[in-house]
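**Student:** Pasted the sequence and its predicted model underneath.
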Amino acid sequence: MSDTVYKNNSVSDIGDNYAEKYGFHDPEEYFHKGARGINHEVVEMISRMKKEPDWMREFRHKALDIFLAKPMPKWGNTEILNSIDFANIYYYIKPIAERGQTWDDVPDYIKKTFDRLGIPEAEKKFLAGVSAQYESEVVYHSFHKDLENQGVIFLDMDSGLREHPEIVKKYFSTVIPPADNKFAALNSAVWSGGSFIYVPPGIDVKIPLQAYFRINAENMGQFERTLIIADKGSRVHYIEGCTAPVYSTDSLHSAVVELIALEGAYIRYTTIQNWAHNILNLVTKRSVAHKNATVEWVDGNIGSRLTMKYPCVYLVGEGAKGEILSIAFAGNGQHQDAGAKVIHAAPNTSSRITSKSISKAGGRASYRGLVKVYPKAENSKVSVECDALLIDDASRSDTYPTMEIDAENVRIEHEARVSKVAEEQIFYLTSRGLSEDEARLLIINGFIEPFTKELPMEYAVELNRLIELEMEGSVG
Amino acid sequence: MKNTETIFSIHDIHVEIEGKEVVKGVSLEIKRGEKHAIMGPNGSGKSSLANALAGHPSYTITSGEAYLEGRNLLEMDATERALAGLFLGFQYPLAIPGVTVANFLRSAVKARSGGDESRLKTFRKDLMEKFKLLEVDQKFATRYVNDGFSGGEKKRLEILQMAVLRPKMAILDETDSGLDIDALKIVSNGINESAPADGGVLLVTHYQRLLNYVKPDRVHVMINGHIVNSGGPELALKLEDQGYDWLNSNAA
């Protein structure tokens, strides 16, 4: 954590206005709000409204059949999973606002939402393109001219399908087929929005591309679909940040994110999710790294009631690299079941998983990881480090690491630690004049520093603020 | 400025750890501008006294009084004692992984500024000056607090903190332990240069050698939870020469 980040933390009103800052919601003014529940009619309606090609419409229907046939996962938090009432969810809502090209085109009430999330400020600072998803449609989308001139495509997924059907058809669902899991199938049937990015060969997108997502209708599932293709030798960093208003009944967020890094390409995908504490965040994220390509997932989970998310890298080409760096913060009533998955399927591949979790006030953080090294992936390197910090005795941390190593000459490092904030550390800091809360926060900020230092400044600041917010009143 | 005003006083302090009494009625009075030393063999209770006075939660002060500038320290928690101007230089400074030295000190300065932003504005410059005083590299600022530090680096950081935080009363617990002679000179110089001129210093040490560089006005000898002897700087030399045995027999 840099010095400046901490300085910015000094804003005095941070943390005492969660409901005001994040819990507001606009009156629901929807152009189209379908009926609750999921069936082939709903899928047909979604596809028709979007004027999709036949192959996508058929894809959705097949996916729905798979969803209906597939059982619920029998691991993770089965109690919560089995309590999901799929018949009581809206699967598609289209807001009144059409997509805006400039900030001026964006309706005031939506602007207000973004203002309160601090988006325009972030934009001023370093945005190349903003793609903010409000409900199911992208309402605001700006794009930097230079990137466009370089042939970089950054669209919402619906527009991507309309404007670049050949690329979408070639890659869509190739990394995560609908049959992968029940929630991937559901997303495949009802997906709406998300980002579509294509970076042409050799292009280095120097500024991170980013999108904010937001759920605003009670009982409304958000099923965004993101597809990023980095062609040979190209580089791109995509940032996804989430905040959501507080509601009394559960909302479902179930995204599918597919990344494809072709030979020598580099993709980093950064997420900070701060869903309201009633949201179920069940997300499938997977990437394929071809020869000498690198994929990095930087994944922060602060909010939601239950998150089940295991960003994955398939190392399919020789010399490919994968890195998954994640933090999870589990407060009262929260279960963060997060982790990572790496498949080594080619020689000389390497992977590194760094997982950090913080549990407080009865929260539960689970690390669930799989590293598989196939026989032909010789001379591969694997490093897994799991670090859990417990703030109090009521909280819980579990680790479920799995390693299946079937190749020769594989170098494996594995470390797992569970620690508590030491009283001695607190005393050291309080003896310098910090309050116990400040001391604890500083120690926690230090604990997640390997993560925050990977974030752009604005996000590091936001993350530290979120942690501060979550830590309030934790002193018992 | 020589002053006869008392800045720090403790009276008949008793300290327990895990139910065991380790300090058994200690009294001291330090005037503004004075440096005192408490010497004693291992296990004499001198570090327990230092930690208890700073508010360490494992130590309980069961009876006695302690005042800094007339304010009752025993009514305050560790944070409040620090804000009142008390500083403890740790014998075993704690590592805070992921927190840089600069960040840590900025947080501490901010906590003590009471909303006065002027100290924060000059913080960088101030910090760099103190780095020079303690002869540490600028890279020190971006290293994590005591994380992977050598013994000597840890002690330099303690004195650096004292120099930046400018306490009124500094208790330095075994600051000389683990230092080679060069580091000892640097750390001693740091203490001399940055010790509060009109405040007080209490050096807690096992050996006399620190006192060659940081001259105490008074020396107290602590054995088995009691101060058994007090005197001028010459007492330290006598201890160096003759050890603690002659006092042990007195105490018994």
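**Tutor:** Now that the structure is in, tell me what you want to look at. Residues are numbered from 1 along each chain as shown, chains lettered A, B, ... in the order given.

**Student:** my read: B:Gln138 touches B:Glu129, true?
**Tutor:** No. The pair B:Gln138 / B:Glu129 is not scored as a contact, 11.7 Å apart, by Cβ atoms under 8 Å. Yep, even glycine has a C-beta here, placed from its N, CA and C like the rest.

**Student:** nearest residue to B:His226 other than its sequence neighbours?
**Tutor:** Once flanking residues are discounted, B:His226 sits nearest to B:Lys24: 5.7 Å by Cβ to Cβ, 6 or more residues apart in numbering or on different chains.

**Student:** Read off the pLDDT value for the one you found.
**Tutor:** Looking at B:Lys24, its pLDDT is 97.

**Student:** go on, A:Ser142?
**Tutor:** Confidence score, pLDDT, at A:Ser142: 51.

**Student:** What of A:Gly322?
**Tutor:** 98.

**Student:** Wait, a strand at it?
**Tutor:** Yes. With DSSP: H, G, I helix; E, B strand; the rest coil as the criterion, A:Gly322 is part of a strand.

**Student:** Now for B:Tyr244, how many residues are close by?
**Tutor:** Other residues within reach of B:Tyr244, judged by other Cβ atoms under 10 Å in any protein chain shown, total 18.

**Student:** A:Ser431 versus that one, what's the distance?
**Tutor:** Here B:Tyr244 is placed at a distance of 29 Å from A:Ser431 (Cβ to Cβ, to the nearest Å).

**Student:** what does B:His220 give?
**Tutor:** According to Cβ to Cβ, B:His220 stands 22 Å off from A:Ser431.

**Student:** which of those two has more neighbours?
**Tutor:** A:Ser431 (26 against 22).

**Student:** B:Pro57 is in contact with that one, correct?
**Tutor:** No. A:Ser431 lies out of contact with B:Pro57 (Cβ under 8 Å); the separation is 10.9 Å.

**Student:** so what sits against both of those two?
**Tutor:** Listed as contacting both A:Ser431 and B:Pro57 by Cβ atoms under 8 Å, 6 or more residues apart in numbering or on different chains are B:Ala78.

**Student:** before we move on, back to that, isn't there a helix covering the residue nearest to B:His226?
**Tutor:** No. With three-state DSSP as the criterion, B:Lys24 is assigned strand and is not in a helix.

**Student:** What parts of chain B come near chain A?
**Tutor:** B:54-58, B:77-79, B:81-83, B:87-88, B:90, B:93-94, B:96-100, B:102-104, B:106-108, B:110-112, B:120, B:144, B:161, B:165 (Cβ under 8 Å from any Cβ of the partner chain).

**Student:** So among those, which ones count as buried?
**Tutor:** B:54-56, B:78-79, B:81-83, B:87-88, B:90, B:93-94, B:96-100, B:102-104, B:106-108, B:110-112, B:144, B:161, B:165 (16 or more other Cβ atoms under 10 Å in any protein chain shown).

**Student:** can you pull out the strands in the stretch 1-150 of chain B?
**Tutor:** With DSSP state E, counting those that start in this stretch, the ranges of strands along the stretch 1-150 of chain B come out as B:6-17, B:20-31, B:35-39, B:59-68, B:71-72, B:86-89, B:96-100, B:144-145.

**Student:** buried ones in the second one?
**Tutor:** Put plainly, it is strand B:20-31. Going by neighbour count (16+ other Cβ under 10 Å), the buried part of strand B:20-31 is B:Val22, B:Val23, B:Val26, B:Leu28, B:Ile30, B:Lys31.

**Student:** close enough to count as contact, the fifth one and B:Asp198?
**Tutor:** No. Under the criterion of Cβ under 8 Å, B:Ile30 makes no contact with B:Asp198, lying 11.7 Å away.

**Student:** Flag every residue of the stretch 351-476 of chain A that's near chain B.
**Tutor:** Near chain B, when you scan the stretch 351-476 of chain A using Cβ under 8 Å from any Cβ, you find A:422-425, A:427-436, A:438, A:442-443, A:445-450.

**Student:** Drop anything exposed from the residues you listed.
**Tutor:** Here, 16+ other Cβ under 10 Å leaves A:425, A:427-436, A:438, A:442-443, A:445-450 buried among these.

**Student:** Quick one: mean pLDDT for stretch A:79-95?
**Tutor:** On average, stretch A:79-95 scores 83.

**Student:** Run the chain-centre distance for that stretch.
**Tutor:** Put simply, stretch A:79-95 sits 19 Å off its chain's centre (Cα atoms, centre = their mean, to the nearest Å).

**Student:** Check stretch A:264-280 too.
**Tutor:** Worked out by Cα atoms, centre = their mean, stretch A:264-280 lies 2 Å from the chain centre.

**Student:** Repeat that for stretch B:98-106.
**Tutor:** For stretch B:98-106, the distance to the chain centre is 21 Å (Cα atoms, centre = their mean).

**Student:** Give the rounded mean pLDDT of that stretch.
**Tutor:** For stretch B:98-106, mean pLDDT rounds to 94.

**Student:** contact partners of it?
**Tutor:** Outside stretch B:98-106, the residues that reach it (Cβ under 8 Å, 6+ apart) are A:1-3, A:6-7, A:429, A:432, A:442-443, A:445-450, B:96, B:120, B:123, B:127, B:140-145, B:147, B:157, B:160-161, B:164-165.

**Student:** how about 7 Å then?
**Tutor:** A:1, A:3, A:6, A:442, A:445-447, A:449-450, B:96, B:123, B:127, B:140-145, B:157, B:161, B:164 (Cβ atoms under 7 Å, 6 or more residues apart in numbering or on different chains).

**Student:** and if you look at stretch B:11-26?
**Tutor:** Contacts of stretch B:11-26 (Cβ under 7 Å, 6+ apart): B:10, B:27, B:45, B:48-49, B:52, B:58-66, B:225-227.

**Student:** Output that stretch as PDB - backbone C-alpha positions only.
**Tutor:** Presented in PDB, the C-alpha positions along stretch B:11-26 are these (Å, rounded to 0.1, in the frame of the first residue of the first chain):
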ATOM      1  CA  HIS B  11       4.900   5.900  43.200                       C
ATOM      2  CA  ASP B  12       4.900   2.400  44.700                       C
ATOM      3  CA  ILE B  13       4.000   0.700  41.400                       C
ATOM      4  CA  HIS B  14       3.200  -3.000  41.600                       C
ATOM      5  CA  VAL B  15       2.900  -5.100  38.400                       C
ATOM      6  CA  GLU B  16       1.500  -8.600  37.800                       C
ATOM      7  CA  ILE B  17       1.700 -10.800  34.800                       C
ATOM      8  CA  GLU B  18      -0.300 -14.000  34.700                       C
ATOM      9  CA  GLY B  19      -1.100 -13.600  38.400                       C
ATOM     10  CA  LYS B  20       2.600 -13.300  39.400                       C
ATOM     11  CA  GLU B  21       3.900 -10.100  40.900                       C
ATOM     12  CA  VAL B  22       7.000  -9.000  39.100                       C
ATOM     13  CA  VAL B  23       7.300  -5.400  40.100                       C
ATOM     14  CA  LYS B  24       6.900  -4.900  43.900                       C
ATOM     15  CA  GLY B  25       6.600  -1.300  44.700                       C
ATOM     16  CA  VAL B  26       8.800   1.000  42.500                       C
END
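
**Student:** Could you report the neighbour count for B:Ala37?
**Tutor:** 25.

**Student:** Likewise for B:Arg71?
**Tutor:** 14.

**Student:** returning to what we had before: out of the strands of the stretch 1-150 of chain B, nearest to A:Ile302?
**Tutor:** The closest of the strands of the stretch 1-150 of chain B to A:Ile302 is strand B:96-100. By Cβ to Cβ, the value is 17.4 Å.

**Student:** how near is A:Gln336 to chain B?
**Tutor:** 20 Å (Cβ to the nearest Cβ, to the nearest Å).

**Student:** Could you check what's spatially nearest to that residue, not counting adjacent residues?
**Tutor:** A:Ala328 (3.7 Å).
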